[in-house]
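> Could you work out the structure for the sequence below:
(chains A and B)
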2 protein chains.
Amino acid sequence: MRDVYTTIDGSVTAPKGFSAAGVACGIKVKGLDLAVITSDLPASVAAVFTTNLAQAAPILVSRDHVATGGGKATAIVVNSGCANACTGEDGMSHARAMAQLTATALGCDVNRVLVSSTGVIGVKLEMSKVERGISEAVGSRSSDGGPAAARAIMTTDPFPKEIAIEVNSDAGTFRIGGIAKGSGMIEPMMATMLAFLTTDAKVEPRLLQRALGAVSDRTFNAITVDGECSTNDCVFALANGASGVELGESDFDVLVDALLQVCEPLAVGIVRGGEGATKLINVRVVGATSDFDAKRTARAIANSPLVKTAIHGGDPNWGRLVAVAGRSGSAFKLDGAAVRIGSIELFANGRPYDERAPAVAEYLKGKEIDIEVDLGTGGNGASRMWTCDLTADYVKINAEYRT
Amino acid sequence: MRDVYTTIDGSVTAPKGFSAAGVACGIKVKGLDLAVITSDLPASVAAVFTTNLAQAAPILVSRDHVATGGGKATAIVVNSGCANACTGEDGMSHARAMAQLTATALGCDVNRVLVSSTGVIGVKLEMSKVERGISEAVGSRSSDGGPAAARAIMTTDPFPKEIAIEVNSDAGTFRIGGIAKGSGMIEPMMATMLAFLTTDAKVEPRLLQRALGAVSDRTFNAITVDGECSTNDCVFALANGASGVELGESDFDVLVDALLQVCEPLAVGIVRGGEGATKLINVRVVGATSDFDAKRTARAIANSPLVKTAIHGGDPNWGRLVAVAGRSGSAFKLDGAAVRIGSIELFANGRPYDERAPAVAEYLKGKEIDIEVDLGTGGNGASRMWTCDLTADYVKINAEYRT
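Predicted coordinates:
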């Protein structure tokens, strides 16, 4: 049968056997700033970490715990308001202590706890606050605490990003939940991309890791707000098997498709909530000699300040798209190239159709904009990126920080 | 003796045997929009072209003329207000006609004329206007027409970029002049980087090309306003020998150093006049394993919207610099890394010196900002890039174009 996905409430606590909490312990001036997500049973774990070489202490500690935890994890502990990055040996001690405090409260091994932080770089955690927060969060966690956790990981995010689905597949019925935060790609606008996923399906750690990698490439690694990559980015997935449904090698596609149902809206939500963003832009590149080339060009377009400002201004400026495609490093043939905005072709076969510009200008008044660029090579390479427009508010938010 | 450089008036017509003019022929709504630069004697020519694969017609025609002109050129003809890019076969005919009209008026071979355009992409030249402009410019050109030419190539540039120097060297006394325009990296804000250089030294075309390549890498290729690369970028150099001074292989360093004296202020001038710019930022990266790595990181920093907005806001935000260095793709060691703004070290040996932030905030109120990032590898690789801050005006200028 065709898999059926039903959206349900509860985010990361919608799958069976998961609890969560979000509490305020004073790391931020106000609001929830510490979350725990726990599994009743040891869960298979998979993780994707930032590629930034300036890695924050919690990233280093979580990497170590994923490597030494035997493929299992029991809890994730996260704080917002302080990235615990560029904090030297003290920072490492603090990240380890966050894991240890959580492990002690839960009665599990320390390497079964993953740690994550987001917030200001170069500032140390006040551990007395963190200790109080962990104690309170572990004590108050519940099976409907997912939404509070989604709020506790927010920094400059204008809204929480959370989703849960129930999947009806041949393998059985199971659930997946997820939460994420943005909203620039990087701190110190206290912004880092984090996402935490839970499922009550039973999945071996290696299979979960493969699926998470494949899905991340098509979702979290296919979005950009400002082209920056944080010191603290990470995605964690926990699979605890509480539904009794087991997904094996032959169910890989089921797992990937189901994770996509959760990760795509979370990733797109991060872009929608991007700093200063007013429009969601879906960039598709086709006609490339390879998917690699297509993704490179899609990324160049999605990060182009001239494209992003043109969309912001509602300007049907195909010339900027052709120019970025030409400089992107991918094979490109101007004679065969084409630019479509919405469903309207503005440039094709080496010539513009400027008489169609007014219709495109009308389309650009919308909040969701589709752009398609054909690189004109005749190849089958294709890729997609999501981005947002570049606005004066982005500049304002990022120029006025701390001043 | 040590070479002595004296700044003089006259830009491209300061060297002997060059004439120029800038006229208004109606391509732009108002202002000068067509320039010619001519040499009394056939001059050795060197050229650097955009690497964008979407190349404008004048770029293709000038490439051809440089290749077939026997290393010599007599004139450069340039219009602003229309890029003649993405204009198909008609565009090629128009670019060839610009060269032919100039060649006929001067009585030289067509492949001794280089053509350049800057302005809106995808719009065709009105050749009746161009024809009138070329006729008027060739007829009115003079040995003090350089400054008018500098103004005729401007688009959104807030001020002209022009310079001339007299060089006293062991090889003799000669002059170099140059003009350039910005001011985004790309049209359709009608912006493309163009630079035209003249010298009355006698230099063989191959030596001139080698010197121009070396100097461009350290000047025009070491600046960025918004990371974009135009369809029309080009730098042309003409050496006509009218001073009687000949620079041979053994004078290569003299030539490079002298060209640097002209090209660096022109390049920096383009950044100073960048769209919306209020501050000039000099980014230096040291401690890299190679110059290549250093340049890659310097470029990433110079294009980082978070760095550029932080400088705009006067925020001593070393964390953003560390984060960009870490994601730039170059070898990086956080423990050995350092960040200096002005002469003040804000981060070193893995720890911040936030007590120095107020002094840096004061420094950041200035208009010229030096940033130095040490990648901490212990290597000798170093590089420099110039950029400007990212402001709400940049967004405004580029969002409101054509709307």
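> Distance from stretch A:267-281 to the middle of the chain?
12 Å (Cα atoms, centre = their mean, to the nearest Å).
> shaky segments in the stretch 51-200 of chain A?
A:183-192 (pLDDT under 70).
> Could you rerun that using 80?
A:51-52, A:156, A:183-193 (pLDDT under 80).
> now the strands: where do they sit in it?
Counting by DSSP state E, counting those that start in this stretch, the segments of the stretch 51-200 of chain A that form strands are A:72-82, A:113-120, A:161-169, A:172-181, A:194-199.
> got the residues of the stretch 1-150 of chain A near chain B?
A:Thr51, A:Asn52, A:Leu53, A:Ala54, A:Gln55, A:Ala85, A:Cys86, A:Thr87, A:Gly88, A:Val120, A:Ile121, A:Gly122 (Cβ under 8 Å from any Cβ of the partner chain). Using the backbone N, CA and C atoms, a C-beta is placed for each residue, glycine as well.
> Of those, grab the buried ones for PyMOL.
Applying 16 or more other Cβ atoms under 10 Å in any protein chain shown to the residues of the stretch 1-150 of chain A next to chain B, the buried members can be selected in PyMOL as follows:
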select buried, chain A and resi 52+53+54+55+85+86+87+88+120+121+122
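> Just give the nearest non-adjacent residue to A:Thr38, would you?
A:Ala75 (4.4 Å; Cβ to Cβ, 6 or more residues apart in numbering or on different chains).
> Run a quick neighbour tally on that neighbour.
By other Cβ atoms under 10 Å in any protein chain shown, 26 other residues sit near A:Ala75.
> Could I get the full set of helices for chain A?
A:57-68, A:88-106, A:127-140, A:146-152, A:205-218, A:252-272, A:291-302, A:305-312, A:318-327, A:357-363, A:392-399 (DSSP state H).
> Could you check how many residues crowd around the nearest residue to A:Ser19 once chain neighbours are set aside?
Distances taken as Cβ to Cβ, 6+ apart place A:Arg141 nearest to A:Ser19, at 4.2 Å, with adjacent residues excluded. Residues lying near A:Arg141 (other Cβ under 10 Å) number 24.
> Report the contact partners of A:Arg141.
Contact partners of A:Arg141, counting by Cβ atoms under 8 Å, 6 or more residues apart in numbering or on different chains, are A:Ser19, A:Ala20, A:Ala21, A:Val36, A:Thr38.
> In a markdown table: the residues you listed, plus pLDDT and distance to A:Tyr353.
Output for the contacts of A:Arg141, formatted as a markdown table (pLDDT from 0 to 100; distance: Cβ to Cβ, whole Å):
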| residue | pLDDT | distance to A:Tyr353 |
| --- | --- | --- |
| A:Ser19 | 96 | 57 |
| A:Ala20 | 97 | 52 |
| A:Ala21 | 97 | 56 |
| A:Val36 | 97 | 56 |
| A:Thr38 | 96 | 57 |
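> and of those residues, the nearest to B:Lys279?
A:Val36 (44.0 Å; Cβ to Cβ).
> just to revisit the earlier point, can you tell me which of the helices of chain A comes nearest to B:Leu334?
Of the helices of chain A, nearest to B:Leu334 by Cβ to Cβ is helix A:88-106, at 9.1 Å.
> buried sites along that closest one?
For helix A:88-106, burial by neighbour count (16+ other Cβ under 10 Å) applies to A:88, A:91-99, A:101-103, A:105-106.
> For B:Val339, state which of these is nearest.
Distances from B:Val339 to these, taken by Cβ to Cβ, are shortest for A:Gly88, at 14.7 Å.
> shouldn't the closest one be in contact with B:Arg351?
Yes - with contact defined as Cβ atoms under 8 Å, A:Gly88 reaches B:Arg351; the gap is 5.1 Å.
> Please give me every residue in contact with A:His65.
A:Ala73, A:Ala99, A:Val110, A:Asn111, A:Arg112, A:Val113, A:Leu114, A:Val115.
> Okay, the closest residue to the fifth one other than its chain neighbours and A:Ala103: tell me how far apart.
Beyond its immediate neighbours in the sequence, the residue positioned closest to A:Arg112 (Cβ to Cβ, 6+ apart) is A:Thr74, lying 4.3 Å away. Computed with Cβ to Cβ, to the nearest Å, the distance linking A:Thr74 and A:Ala103 is 8 Å.
> Mutual contacts of those two, please.
The contact lists of A:Thr74 and A:Ala103 share A:Arg112, A:Val113, where a contact means Cβ under 8 Å, 6+ apart.
> can you list the residues of the stretch 251-400 of chain A near chain B?
Residues of the stretch 251-400 of chain A lying near chain B (Cβ under 8 Å from any Cβ): A:303-306, A:309-310, A:312-315, A:317-320, A:322-327, A:331-332, A:334, A:337, A:347, A:350-352, A:354, A:361, A:390-392, A:394-396, A:398-400.
> Go again with 6 Å.
Neighbours of chain B within the stretch 251-400 of chain A, by Cβ under 6 Å from any Cβ of the partner chain: A:305-306, A:309, A:312-315, A:317, A:319, A:322-323, A:326-327, A:332, A:334, A:350-352, A:392, A:395, A:398-400.
> So how do I select the buried members of those residues in ChimeraX?
In ChimeraX, a selection of the buried entries from these looks like this (16+ other Cβ under 10 Å):
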select /A:305,306,309,312,313,314,315,317,319,322,323,326,327,332,334,350,352,392,395,398,399
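> A:Pro158 reaches A:Arg272, doesn't it?
No - using Cβ atoms under 6 Å as the test, A:Pro158 is too far from A:Arg272 to be in contact (8.6 Å).
> Among those two, which residue is more densely surrounded?
A:Arg272 (22 against 13).
> any idea how far the residue nearest to A:Thr38 lies from chain B?
Plainly put, A:Ala75 is 27 Å away from chain B if you go by Cβ to the nearest Cβ, to the nearest Å.
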